[in-house]
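>>> predicted model and sequence below, questions to follow.
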Amino acid sequence: MPPVAPQPVQMTCPACGTPFRAGIYTLVDVSQQPELKQALLSGHLNVAVCPNCQTASMLGSPLIYHDSAKQLCLVYFPQELNAPPSEQERFVGEATSFIMKSLPPNAPRAYMLSPRRFLTLPSLLDVVLEADGISREMLDAQRRRVEVISQLAGAVADGVGFDEVVAANRAELTPEFFATLDAFIGSTPPSQAESRALLEQVRAQLAGEFDDEDVSPEDEAEIAAALDRLAAVPDEELEETVAELRAYIDYGFFHAWTSRIEQQEAAGQLAEAEALTARRARILDLVEELDRQAQEMFEAGSSLLREVLTAEDPMAALHANADQVGEAFLMVISANIGAAQRAGHEDVAIRLDALGEAAVAIIQERLSPEERFINELMLVETPQAATKLLRTNVAKITPALVTQLNTLVEQEEKRGNKPASERLRQLARESGAMLI
């Protein structure tokens, strides 16, 4: 099936009265025109921008969304159209018949006989995103980012209030926000050049806000190296690499990534640009998931600390909840100790420090003998001291210890932690030699 062109309509700007022509899509077929899906999700499909005053208007139109791979056939009729049921049925029947004829002979068709109907466009978009594996929490966060982008674009169009919107939403201006903004710009079709220009102006003004912070040449080099790795890493290793390089994935990272996409497009390397765009979206999804998990861990650690501190015997309460004591709890303890010290509450800091030592002891009790000994070896100050510790604990040097050391070497190498991997490798060699 050839790509479906937008239907031209004549309209008048509701703000300044300027007449102009715009295009309306009534069919989004993902398999034929995947770019329309991105425009729909980013809120740019069927949006007309006045060439005179830049006012954006949503065009009310029925819409069929079709994804043969996920067997989705979704229908949306704006309530303001007041279309009678017979007209709606005629539109749906003609559209589904048109789609069915374009499908391969053996493709499933049963799902198209009863397309799902939606009273609102957001409810349709929820189903599209959920089919892509995006959770409700991620949807809510994305809606908030879209709302802020809309407010910023409105302020730019009006010429007033931009700084106020930035100040009110500064906490929302995360790397994920800038990646979403870049994705919006990239997915805006050529027919909506005015809208793209408006979003690019938003990005430029935000860059002015955030580029005030000095970035050292070392930081730039590290971001470039992280970008190179994430652009080249195979798909099956991407999640692990994103976790390793999470500290480098910020606004500067996504800005640099977007610059590379634009360079590829300018050079006519469209396939490479599309690959980078898809990889950027995947990285954004992974970063959001990592941050969500980290937040859940921190909240769990905070909840446990509150429970322990409010108990009559905090130490007994800590041991009663030993199964919940882990890295997240230690992180929360450390953060609270620092806050207490900065506030001059040394008595609170001492209590928390004692709980932290007890938590470390609880975690140590769960470790295997090999893991405890490796921790001892890694905590000594010098390699020479570690060698001495090995020689004075020959009974602890077992094949299981050497195996564990080699496993840790591989893990640290994958994480890019060269100092740790080299030290662990040296310990593995010395331990292996002592077994012979």
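On my side now, so go ahead. Just so we're clear, the structure is a prediction, and the values are computed from it rather than from any experiment. Residues are numbered from 1 along each chain as shown.

>>> can you spell out the domain ranges of the protein, please?
When the chain is parsed with automatic domain parsing, its domains come out as 1-131, 135-213, 215-284, 311-366, 369-435.

>>> save those as TSV, and put in mean pLDDT and distance to Arg292 too.
All C-beta spots, glycine's among them, are computed from the backbone N, C-alpha and C. As requested, these are exported to TSV (pLDDT from 0 to 100; distance: least, C-beta to C-beta, whole Å):
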stretch	mean pLDDT	distance to Arg292
domain 1-131	85	16
domain 135-213	77	7
domain 215-284	84	12
domain 311-366	83	14
domain 369-435	80	21
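
>>> want to throw those into a markdown table with mean neighbour count and distance to Leu290?
As requested, the domains of the chain are exported to a markdown table (neighbours: other C-beta atoms under 10 Å; distance: least, C-beta to C-beta, whole Å):
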| stretch | mean neighbour count | distance to Leu290 |
| --- | --- | --- |
| domain 1-131 | 15 | 19 |
| domain 135-213 | 17 | 11 |
| domain 215-284 | 16 | 6 |
| domain 311-366 | 15 | 14 |
| domain 369-435 | 15 | 14 |
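
>>> would you list those domains in JSON lines and tack on distance to Ala300?
As requested, the domains of the chain are exported to JSON lines (distance: least, C-beta to C-beta, whole Å):
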{"stretch": "domain 1-131", "distance to Ala300": "26"}
{"stretch": "domain 135-213", "distance to Ala300": "16"}
{"stretch": "domain 215-284", "distance to Ala300": "19"}
{"stretch": "domain 311-366", "distance to Ala300": "6"}
{"stretch": "domain 369-435", "distance to Ala300": "23"}
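
>>> among those domains, which is nearest Gly301?
When the domains of the chain are compared by C-beta to C-beta, domain 311-366 sits nearest Gly301, at 3.7 Å.

>>> can you give me the end-to-end distance of that closest one?
Chord length of domain 311-366, first to last residue, is 24 Å (C-alpha to C-alpha, to the nearest Å).

>>> isn't Ser102 right up against Gln32?
Yes. Counting by C-beta atoms under 8 Å, Ser102 sits close enough to Gln32 to count as a contact (7.4 Å).

>>> against Glu244, how distant is Ala254?
To be clear, residue 254 is Phe; Ala isn't right here. Phe254 is 17 Å from Glu244, where distance means C-beta to C-beta, to the nearest Å.

>>> so Ala226 sits against Phe253, correct?
Yes. Using C-beta under 8 Å, Ala226 is in contact with Phe253, at 6.5 Å.

>>> and the helices in the stretch 201-350 of the chain?
Using DSSP state H, counting those that start in this stretch, the helices of the stretch 201-350 of the chain run over 217-232, 235-244, 251-266, 270-309, 314-320, 327-342, 346-366.

>>> these: which one's closest to Leu206?
Smallest distance to Leu206 across the helices of the stretch 201-350 of the chain (C-beta to C-beta): 8.6 Å, for helix 251-266.

>>> helices or strands up against that closest one?
Helices and strands touching helix 251-266, by 3 or more C-beta pairs under 8 Å, 6 or more residues apart in numbering; DSSP states H and E, are helix 175-187, helix 217-232, helix 270-309.

>>> would you mind getting the angle between that helix and helix 270-309?
Using axes from the mean of the first three to the mean of the last three C-alpha atoms, to 10 degrees, the direction of helix 251-266 lies 170 degrees away from that of helix 270-309.

>>> what are the contacting residues of helix 251-266?
Under the criterion C-beta atoms under 8 Å, 6 or more residues apart in numbering, residues 173-175, 178-179, 182, 186, 207, 210, 215, 219-220, 223-224, 226-227, 231, 270, 272-273, 276-277, 280, 284 lie in contact with helix 251-266.

>>> got the angle for it vs helix 217-232?
60 degrees.

>>> could you check the angle helix 175-187 makes with helix 251-266?
Angle of helix 251-266 versus helix 175-187, following the same axes, to 10 degrees, is 10 degrees.

>>> offset the numbering so it begins at 758, please.
In the new numbering, first residue 758, that becomes helix 1008-1023.

>>> quick one, which of the domains of the chain is nearest to Leu1062?
Taking the domains of the chain one by one with C-beta to C-beta, domain 1068-1123 is closest: 5.3 Å.

>>> distance from that closest one to the middle of the chain?
Put simply, domain 1068-1123 sits 31 Å off its chain's centre (C-alpha atoms, centre = their mean, to the nearest Å).

>>> look up how far Leu1043 lies from Val1089.
With C-beta to C-beta as the criterion, Val1089 and Leu1043 are 24 Å apart.

>>> quick one: Ile1154 from Lys1175, how far?
Distance of Ile1154 to Lys1175, given as C-beta to C-beta: 25 Å.

>>> can you check Ala840 too?
Counting by C-beta to C-beta, the separation of Ala840 from Lys1175 is 65 Å.

>>> and for Ala888?
According to C-beta to C-beta, Ala888 stands 42 Å off from Lys1175.

>>> then Gln908?
As judged by C-beta to C-beta, Gln908 and Lys1175 stand 45 Å apart.

>>> do the same with Leu987
Using C-beta to C-beta, one gets 18 Å for the distance from Leu987 to Lys1175.

>>> what's Pro763 sitting at in phi/psi?
Main-chain dihedrals, Pro763, degrees, to the nearest 10: phi -70, psi 150.

>>> for Thr877, which non-adjacent residue is closest in space?
Tyr833 (7.7 Å; C-beta to C-beta, 6 or more residues apart in numbering).

>>> err, Leu1124, not the other one
Excluding the flanking residues, the one nearest Leu1124 by C-beta to C-beta, 6+ apart is Asn1132, at 7.2 Å.

>>> report all helices and strands that the host helix or strand of the one you found contacts.
Using DSSP states H and E, Asn1132 sits in helix 1126-1136. Helices and strands touching helix 1126-1136, by 3+ C-beta pairs under 8 Å, 6+ apart, are helix 1140-1148, helix 1156-1171, helix 1175-1192.

>>> what does it rub up against?
With C-beta under 8 Å, 6+ apart as the test, helix 1126-1136 has contacts from 1121, 1124, 1143, 1146-1147, 1150, 1153, 1155, 1157-1158, 1161-1162, 1165, 1177, 1180-1181, 1184.

>>> from the chain's centroid, how far away is it?
Between the centre of helix 1126-1136 and the centre of its chain there are 35 Å (C-alpha atoms, centre = their mean).

>>> what residues are up against Pro835?
Shown in contact with Pro835 (C-beta under 8 Å, 6+ apart): 817-819, 878.

>>> so which of the helices and strands packed on helix 1126-1136 comes closest to Arg778?
Arg778 lies closest, by C-beta to C-beta, to one member of the helices and strands packed on helix 1126-1136: helix 1156-1171, at 55.3 Å.

>>> then that closest one to PDB, C-alphas only?
The C-alpha trace of helix 1156-1171 is given here as PDB (Å, rounded to 0.1, in the frame of the first residue of the first chain):
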ATOM      1  CA  PRO A1156      39.300 -23.500  44.200                       C
ATOM      2  CA  ALA A1157      36.000 -21.800  45.000                       C
ATOM      3  CA  LEU A1158      37.900 -18.600  46.000                       C
ATOM      4  CA  VAL A1159      39.800 -18.500  42.700                       C
ATOM      5  CA  THR A1160      36.600 -19.100  40.800                       C
ATOM      6  CA  GLN A1161      34.800 -16.300  42.600                       C
ATOM      7  CA  LEU A1162      37.800 -14.000  41.900                       C
ATOM      8  CA  ASN A1163      37.800 -14.700  38.200                       C
ATOM      9  CA  THR A1164      34.000 -14.200  38.100                       C
ATOM     10  CA  LEU A1165      34.400 -10.800  39.700                       C
ATOM     11  CA  VAL A1166      37.200  -9.900  37.200                       C
ATOM     12  CA  GLU A1167      34.800 -10.400  34.300                       C
ATOM     13  CA  GLN A1168      32.000  -8.400  36.100                       C
ATOM     14  CA  GLU A1169      34.300  -5.400  36.700                       C
ATOM     15  CA  GLU A1170      35.700  -5.500  33.200                       C
ATOM     16  CA  LYS A1171      32.200  -5.300  31.800                       C
END
